[in-house]
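Enquirer: Pasting the sequence and the predicted model now:
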Amino acid sequence: MASTGLQLLGLVLAVLGWVFGALVCAAPLWRVSAFVGGELVIAQVVWEGLWMNCLSQSTGQIQCKSYDSTLALPKSAQAARGLTVLSLLLCLLALMLGVTGAKCTHCMGDANQASKSRMARVAGLLFVVAGLAYLIPICWTAHAVIRDFYDPTVAAPFKRELGPALYLGWGASLLLLVGGSLLHVGSSPPGARALPVFGRAAKDNPHTGAAGEVKPQEKSFV
């Protein structure tokens, strides 16, 4: 039987993961300047994201600029853009299916519980797929940052550190995975009631009862 508590908990966690994921996608804090060596000007901090980069001055002034061309970006940045946008769109579709298929809603009527449960399970799977799709560019970017940081051939001004958006992205992916799993588990089919059906069938068929229940019937006819 579908569990309303698990469904609601899964939806809440998945929606939180979706909101955090949208913030991470728009934030220019994926990669931050690494202050190593004496060649960097500490008065300036460079922030890099998927859609823009920003330059923060020591005076508090921040200048941001969007990337001029998408095709001029590296292949990894283009793939990260596509995966994050795809993940957010999957979350939107999963949210509509999850709200429609939740047991506490009346979008499809109370008599059609089997279809509602099936729709909620599909929504849970979509949230899980969205979480995996969002996790790929986060881990990919983190691996590239760490690799370039420890690469001696990369000049110090071009070294970067992990930005706070990556940590928030890991949390968003975890919320999507856990929320989708809870929504899927909490939306079991309502027809899985083997024991009550068997007991009702035993009462309707007197020949399937025990021998002690048949003997009184034979004596009554005698």
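Expert: Happy to help now that I have it.
Enquirer: In this protein, what helix or strand scores lowest on average pLDDT?
Expert: helix 194-204 (a mean of 42; mean pLDDT, DSSP states H and E).
Enquirer: Can you name every helix or strand that the helix or strand where Ala120 lies contacts?
Expert: Secondary structure assignment for Ala120, by DSSP states H and E: helix 113-149. Judged by 3 or more Cβ pairs under 8 Å, 6 or more residues apart in numbering; DSSP states H and E, the packing partners of helix 113-149 are helix 4-26, helix 75-101, strand 160-162, helix 164-185. To be clear about C-beta, it is placed using only N, CA and C from the backbone, and glycine gets the same treatment.
Enquirer: What are the buried residues along that helix?
Expert: Residues of helix 113-149 classed as buried by neighbour count (16 or more other Cβ atoms under 10 Å): 113, 116-117, 119-124, 126-135, 137-138, 141-142, 144-145.
Enquirer: Looking at that helix now, give me its mean pLDDT.
Expert: For helix 113-149, mean pLDDT rounds to 91.
Enquirer: roughly how far out does it sit from the chain middle?
Expert: Using Cα atoms, centre = their mean, to the nearest Å, the mean C-alpha position of helix 113-149 is found 5 Å from that of the whole chain.
Enquirer: same deal with stretch 26-35?
Expert: Chain-centre distance of stretch 26-35: 23 Å, with Cα atoms, centre = their mean.
Enquirer: Repeat that for stretch 157-175.
Expert: Distance of stretch 157-175 from the chain centroid (Cα atoms, centre = their mean) equals 16 Å.
Enquirer: Pull the residues that contact it.
Expert: Here stretch 157-175 makes contact (Cβ atoms under 8 Å, 6 or more residues apart in numbering) with 13-14, 16-18, 20-21, 23-24, 27-34, 36, 39-40, 46-49, 131-132, 134-135, 138, 141-142, 145-146, 148-149.
Enquirer: buried residues in that stretch?
Expert: For stretch 157-175, the neighbour count (16+ other Cβ under 10 Å) marks 159-160, 162-163, 165-166, 168-173, 175 as buried.
Enquirer: what mean pLDDT does it have?
Expert: 91.
Enquirer: Also stretch 97-105?
Expert: Averaging pLDDT along stretch 97-105 yields 82.
Enquirer: Report the buried residues of that stretch.
Expert: 97-99, 101-103.
Enquirer: a markdown table please, covering those residues and showing distance to Gly180.
Expert: Shown next, in a markdown table, are the buried residues of stretch 97-105 (distance: Cβ to Cβ, whole Å):
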| residue | distance to Gly180 |
| --- | --- |
| Leu97 | 11 |
| Gly98 | 9 |
| Val99 | 14 |
| Gly101 | 13 |
| Ala102 | 14 |
| Lys103 | 17 |
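Enquirer: where's the closest residue to Val122 other than its chain neighbours relative to Lys65, distance?
Expert: Take Val122 and drop its neighbours on the chain: the residue closest to it by Cβ to Cβ, 6 or more residues apart in numbering is Leu97, 5.8 Å away. Distance of Leu97 to Lys65, computed by Cβ to Cβ, to the nearest Å: 38 Å.
Enquirer: List the residues that contact the residue nearest to the spatial centre of the chain.
Expert: When Cα atoms, centre = their mean is applied to the chain, the residue found nearest the centroid is Leu176 (2.0 Å). Residues near Leu176 by Cβ under 8 Å, 6+ apart: 13-14, 17-18, 21, 87, 91, 127-128, 130-131, 134.
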